[in-house]
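S.K.: Sequence below, structure please.
(chains A and B)
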Amino acid sequence: MDLLRIATAGSVDDGKSTLIGRLLYDSKQVFEDTMESLDRASKAQGLGAVNLALLTDGLRAEREQGITIDVAYRYFATPRRKFIIADSPGHVQYTRNMVTGASTAELALLLVDARKGVVEQTRRHAAITALLGIRHLMLCVNKMDLVNWEQSRFDEIACSFRQLADDLGVKQVTVIPLAAVSGDNVVDPSTNMPWYTGGTLLDFLETVQIPDRARHHALRFPVQYVIRPQSDEHHDYRGYAGTVATGSVRTGDVVAILPSGVRTQVTSIDRYPGSVNEAHYGQAVTLRLAGDIDISRGQMIVGVEDQADVTTRFSADVCWMSEAMTLRPRKQFWIRHTTRRVRCLVERIDDRLDVEHYTREEAPLSLTLNDIGRVVIRTMEPLFVDPYEVSRDTGSFILIDPGTQLTVAAGMVRTPLLADAPEA
Amino acid sequence: MSTLINDPPGIDTDLDQLEAEAISIMREVAADFERPAILFSGGKDSIVLLRVAEKAFWPAKFPFPVVHVDTGHNFPEVLEFRDCRVAELGATLVVGSVQEGIDRGDLVEERGARASRNRLQTPVLLETIAAHQFDAAIGGARRDEEKARAKERVFSFRDEFGQWDPRNQRPELWHLYNGMHQKGEHIRVFPLSNWTELDVWRYIEREALEVPPVYFTHEREVFERDGMLMATSRYLPLLPGEQPFMAAVRYRTVGDMTCTAALRSDAFDLATVIAEVAAARVTERGASRADDRFSEAAMEDRKREGYF
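M.R.: Below is the predicted model of the structure:
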């Protein structure tokens, strides 16, 4: 069975939690005891009908304030497909959570209120999902009941959304009119909108082609852990454990080790309880190599053709996630990239992205919470990178503040730069 | 080392993907922490956890001791199973004992017919973590179990009091985990975060893993309390009007005998258990855990204190 990972985002009061609640409820994924507790909680809030939004708002503070604060993960399956939904809050102050939810998603589901249409938050959410490399945007035009199920209103919104997706360079777009409160076009087709001939939301989710996760076909194998049993039976065993980030590897392949560039041959690909001939993208395996080479965590095994860039300087887009601290040039961090952690500094901030107008403000003095900007990063030791758009796993990183040890930024590698390039 | 598996390359099932993710998280813990431990209760989720650990480091043994918090009210069958499995893996077992804490006078037992040692597990777990200076504790909790758990990170930071602060969690992106912490703080790690109850059972079937017999139907003396079937035991005195009777039951979750309820079931093997779980209309915790019924936010409150 395949697994589709979806990120959702919408503005405050667009009814996103209600939509997900409806999707789970109508596809019979909500259990009776959950319904009973929802019923109790809804009554406690003085609501007449069951508030399906309470299905996803799990924390006490979320229920009290009626908003989603943190990313909630939901799991459901139909006979055709399994889904993991990362449900992110819509408020502007939680942009960082949306970035979090989108980082592992293959499809983004955005929501607008039919009365309001595409608003600034829609533009921001679409920009973030596009930035995070999601290739398929889908828009649910919710609350169609409140615009009398009018086709003209839907068409207008769909048209402006397609324009927006075009501005972002997103090619695959789907727009569906629905009403989450009553369930129209969520799981069951609506009888209120005969002019709409497309499928329901669930039809779409079950049948949409999952974008190719392994767009990059050259081997990238970050060494995560060295396995040395030191037992009598496996006295000389030395295996390099990790997950294939992109591409594939076969027994007998000649590979290169980064950063040294030394070449060797794969003698065995081990996976409990034996060995396999080949391993590909996403598989966790252990490689054994010919010769007596000393390799440790943080190094990378790559194909000899089309190797990753070994670099100490690159440009990247970062989303700043710290409330307490602002990002200023020359600040130092730990950078976590693949299985490597090294010291780095942010050499300069080139621009800040206006996520509502898709323009870039040049040379800002700093980035603050929820800002996204282009920076130049210099590392103390080399990283082995690919641009994020060709490889998520070897193009993504986080920055950790050495003082507080908190994750303060999410980053996407754009272009490797020369180490000794003159300061701009 | 001679077995050659010839599966078609390029096709990974959902279980393959979940397993690969969990293996990668386990290896990350082994590489990134000095003194990690793995929590094992003998329940189905931790059975899967141990299997994933076994696979992640094979042909070496997994580099963690196994930790169990024993309330003193556990099912004897489950404790027996725990000891067998640990011996089979050649692992080291560390037991944190609630009974010993009570005997020492460090813990005070709840009183009354509804007394449970559920909450006493938290201080014992935290004390065990502190005594052994564990800097990471790998657990089998899943996000689909409960609404507060749905918000939990894979690497979940605990302060020096062992507390979880759900409003102030570290952002967690891609598969890049931040395990940095100061001395005295620790990280809880949940490799099975993205698994569902059904996934766990399908995996147990696929891997042909042994589970304690209480997961399958058996005749047991039970009584009804708050609409749930509880096993009669010396730990759980009957209230007036409660009548013990024999019934064919099984357990859907396995915790302390005082807070885990049995279900009427005739599921006798993995296939019938899977069919039952797939058709279930009640969540596993709702069906069988008295500890989650205290309030809407019972789990969130316990987790804040440092619960599993």
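
S.K.: Now the residue lying closest to A:Asn185 once chain neighbours are set aside: phi and psi?
M.R.: Distance criterion Cβ to Cβ, 6 or more residues apart in numbering or on different chains; nearest residue to A:Asn185, sequence neighbours excluded, is A:Leu178 at 3.8 Å. For glycine as for every other residue, the C-beta is placed from the backbone atoms N, C-alpha and C. Dihedral pair for A:Leu178: phi -160, psi 170, per degrees, to the nearest 10.

S.K.: what do you get for the one 4 residues further on?
M.R.: Backbone torsions of A:Ser182, given as degrees, to the nearest 10, read phi -100, psi -10.

S.K.: In three-state terms, label B:Leu229 for me.
M.R.: strand (DSSP: H, G, I helix; E, B strand; the rest coil).

S.K.: those helices in the stretch 51-200 of chain B, which residues are they?
M.R.: Taking DSSP state H, counting those that start in this stretch, the helices of the stretch 51-200 of chain B run over residues B:76-89, B:98-104, B:121-131, B:197-206.

S.K.: I'd like the average pLDDT over the longest one.
M.R.: What it means is helix B:76-89. Averaged across helix B:76-89, pLDDT comes to 93.

S.K.: so which of the helices of the stretch 51-200 of chain B gets nearest chain A?
M.R.: Nearest of those to chain A, taken as Cβ to the nearest Cβ: helix B:197-206 at 7.6 Å.

S.K.: what angle sits between the helix or strand just after the closest one and helix B:76-89?
M.R.: Beyond helix B:197-206 in the direction of the C-terminus, DSSP states H and E gives the next helix or strand as strand B:218-225. Angle of strand B:218-225 versus helix B:76-89, following axes from the mean of the first three to the mean of the last three Cα atoms, to 10 degrees, is 130 degrees.

S.K.: Quick one: list the elements packing against strand B:218-225.
M.R.: Strand B:218-225 is packed against strand B:228-231, strand B:245-251, with contacts defined by 3 or more Cβ pairs under 8 Å, 6 or more residues apart in numbering or on different chains; DSSP states H and E.

S.K.: Tell me where the longest helix sits in chain A.
M.R.: In chain A, taking DSSP state H as the definition, the longest helix is helix A:151-167.

S.K.: ok and the helix or strand following it relative to helix A:151-167, angle-wise?
M.R.: Downstream of helix A:151-167, the first helix or strand assigned by DSSP H and E is strand A:172-177. Interaxial angle of strand A:172-177 relative to helix A:151-167 (the same axes, to 10 degrees): 160 degrees.

S.K.: got the buried residues for strand A:172-177?
M.R.: A:173-177 (16 or more other Cβ atoms under 10 Å in any protein chain shown).

S.K.: likewise stretch A:280-290?
M.R.: Across stretch A:280-290, burial judged by 16+ other Cβ under 10 Å covers A:280-289.

S.K.: With stretch B:99-117 instead?
M.R.: B:99, B:101-102, B:107, B:116-117.

S.K.: ok, now stretch A:225-233?
M.R.: Quick answer for stretch A:225-233 (16+ other Cβ under 10 Å): A:225-227, A:229.

S.K.: Show me what residue of the stretch 151-300 of chain A gets nearest to chain B.
M.R.: Counting by Cβ to the nearest Cβ, the stretch 151-300 of chain A gets nearest chain B through A:Gly274, at 3.1 Å.

S.K.: Is that residue bridged to anything, and to what?
M.R.: Beta-bridge pairing of A:Gly274 under DSSP bridges involves A:Arg271.

S.K.: and the gap between the spatially closest residue to B:Leu39 that is not a sequence neighbour and chain A?
M.R.: Using Cβ to Cβ, 6+ apart and skipping the chain neighbours, the partner closest in space to B:Leu39 is B:Gly139 (4.6 Å). Distance of B:Gly139 to chain A, given as Cβ to the nearest Cβ, to the nearest Å: 16 Å.

S.K.: ok, now which ones touch B:Gly139?
M.R.: B:39, B:46, B:49, B:188-190, B:308 (Cβ atoms under 8 Å, 6 or more residues apart in numbering or on different chains).

S.K.: which one of the residues you listed is nearest B:Pro240?
M.R.: B:Phe308 (33.7 Å; Cβ to Cβ).

S.K.: ranking the helices and strands packed on strand B:218-225 by burial, who's on top?
M.R.: Among the helices and strands packed on strand B:218-225, judged by mean count of other Cβ atoms under 10 Å in any protein chain shown, the one packed with the most neighbours on average is strand B:228-231 (a mean of 20).

S.K.: I figured A:Val208 hits A:Asp2, correct?
M.R.: No. Here A:Val208 does not reach A:Asp2: they are 10.7 Å apart, not a contact under Cβ atoms under 8 Å.

S.K.: Quick one: name whatever helix or strand follows the lowest-mean-pLDDT helix or strand in chain A.
M.R.: Scoring the helices and strands of chain A by mean pLDDT, DSSP states H and E places helix A:60-65 at the bottom, with a mean of 61. Beyond helix A:60-65 in the direction of the C-terminus, DSSP H and E gives the next helix or strand as strand A:72-77.

S.K.: Are whatever helix or strand comes next after that next one and chain B in contact anywhere?
M.R.: Remark: after strand A:72-77, the chain's next helix or strand is strand A:82-87, criterion DSSP H and E. Yes. Applying Cβ under 8 Å from any Cβ of the partner chain, one finds strand A:82-87 touching chain B at A:82, A:84.

S.K.: how distant is strand A:82-87 from the center of its chain?
M.R.: 12 Å (Cα atoms, centre = their mean, to the nearest Å).

S.K.: B:Val78: neighbour count?
M.R.: 22 (other Cβ atoms under 10 Å in any protein chain shown).

S.K.: With adjacent residues omitted, what lies nearest to it?
M.R.: Of all residues not flanking B:Val78 in the chain, B:Gly42 sits nearest, at 4.1 Å (Cβ to Cβ, 6+ apart).

S.K.: Check what pLDDT that neighbour gets.
M.R.: 92.

S.K.: Quick check: which element contains it?
M.R.: Using DSSP H and E, no helix or strand contains B:Gly42.

S.K.: What's the separation between it and chain A?
M.R.: Distance, B:Gly42 to chain A, by Cβ to the nearest Cβ: 22 Å.

S.K.: and that residue, what does it touch?
M.R.: Applying Cβ under 8 Å, 6+ apart, the residues contacting B:Gly42 are B:68, B:74, B:78-79, B:81-82, B:85, B:212, B:254.

S.K.: any idea which of these is the one closest to A:Ser248?
M.R.: Nearest member of the contacts of B:Gly42 to A:Ser248, counting by Cβ to Cβ, is B:Arg85, at 34.8 Å.

S.K.: was I right about the closest one contacting B:Ile47?
M.R.: Yes. The pair B:Arg85 and B:Ile47 qualifies as a contact (Cβ under 8 Å) at a distance of 7.4 Å.
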